[in-house]
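**Student:** Can you look at this prediction? I've put the sequence above it.
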Amino acid sequence: MQERSERTRRRLVFAGAELFHRNGYANATLGEIAGAAGVTKGALYFHFASKDELADAVQQRGCGLLHEAVRGLREGGASPLQALIDTTHWLARTLHEDPAIPASFRITKECAGQQPPAVDFHGAWLAAVCELLRMARDVGELPLDPPADGLDGEDPAGDGGRAADRWESAEALVAAAVCGIEVLAGTGLSYAELQRKVAALWGLLLPSLVGAERARDYRTRAARDVRVADGERSYEFLGSGV
């Protein structure tokens, strides 16, 4: 019984993601979502008391996929900066492959200014990006001195303040650039086209972050996702450079 209930819940979350992505949060009805999932509205209300709860569940799935991807890349040995590059390619792929990701972005945007949701995927995406960038800074991948006393504020003495300014500029540049990936996907680009755009983006960003010479140490193209016998995911790299 428990397994059946979990299957029904997963179908509802998937159907909700598809309809939120396709029709928007306001236009997607619970009746349509229940029908797409192949269940009654009563079954839907057994799992979710409202559309808000279902929308939060969709975003929870999106956040789970994101955190799993970042963790897998780091455990696979990628440096923080390479993991950040690969995470943006992961986003480009999953925007096409899993409706929970584009639906999560759309829910966040359409519900902005309303009652704060329990989950904010857009915030989670920015937090993951900035955390990887901070890790890259802290391990020396970025030629930026950490702000004075380990703080991200300004240093009245001068040098730390300039370092903080450089760091803030780098963080703002990367955050703004990677947020554009979802916007590009929304224009109808194919995954192959979006993949090339992301690689070109990093081809421009990396020299400003690490210098032209060190930029060659990083792979800007996507890693090809392959399944191995035990069902775990590994990556086959497609070469370096844009």
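**Tutor:** Arrived safely. Numbers count the residues shown, from 1 in each chain.
**Student:** C-alpha from now on. contacts and neighbour counts both.
**Tutor:** Fine.
**Student:** Now the top helix by length along the chain: buried residues?
**Tutor:** Longest helix in the chain, counting residues (DSSP state H): helix 159-185. Within helix 159-185, the residues that count as buried by 16 or more other C-alpha atoms under 10 Å are 160-167, 170-171, 174-175, 178, 181-182, 184-185.
**Student:** go on, stretch 182-196?
**Tutor:** Neighbour-count burial for stretch 182-196, with 16+ other C-alpha under 10 Å as criterion, is recorded at 182, 184-185, 191, 194-195.
**Student:** what residues does the helix or strand containing Ser5 touch?
**Tutor:** Secondary-structure assignment from DSSP states H and E places Ser5 in helix 2-23. For helix 2-23, the external contacting residues (C-alpha atoms under 8 Å, 6 or more residues apart in numbering) are 27-28, 33-34, 36-37, 39, 44, 47, 54-55, 57-58, 99-100, 102-104, 106-107.
**Student:** Tell me the buried residues within those residues.
**Tutor:** 28, 33-34, 36-37, 44, 47, 54-55, 57-58, 99-100, 102-104, 106-107.
**Student:** Show me the strands in this structure, by range?
**Tutor:** 223-227, 233-237 (DSSP state E).
**Student:** I'd like the mean pLDDT over the last one, please.
**Tutor:** The predicted model gives strand 233-237 an average pLDDT of 41.
**Student:** What of the first one?
**Tutor:** What strand 223-227 shows for mean pLDDT is 54.
**Student:** what's the burial count for the closest residue to Ala170 other than its chain neighbours?
**Tutor:** Closest residue to Ala170 apart from its sequence neighbours, by C-alpha to C-alpha, 6 or more residues apart in numbering: Leu209 at 7.0 Å. Counted with other C-alpha atoms under 10 Å, the neighbours of Leu209 add up to 21.
**Student:** how far away is Leu209 from Leu142?
**Tutor:** Noted for Leu209: a distance of 6 Å to Leu142, by C-alpha to C-alpha, to the nearest Å.
**Student:** before we move on, the earlier item: dump the buried residues of stretch 182-196 into TSV; add distance to Leu65 and pLDDT as well.
**Tutor:** Output for those, formatted as TSV (distance: C-alpha to C-alpha, whole Å; pLDDT from 0 to 100):
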residue	distance to Leu65	pLDDT
Glu182	16	94
Leu184	20	94
Ala185	18	94
Tyr191	18	94
Leu194	20	96
Gln195	19	95
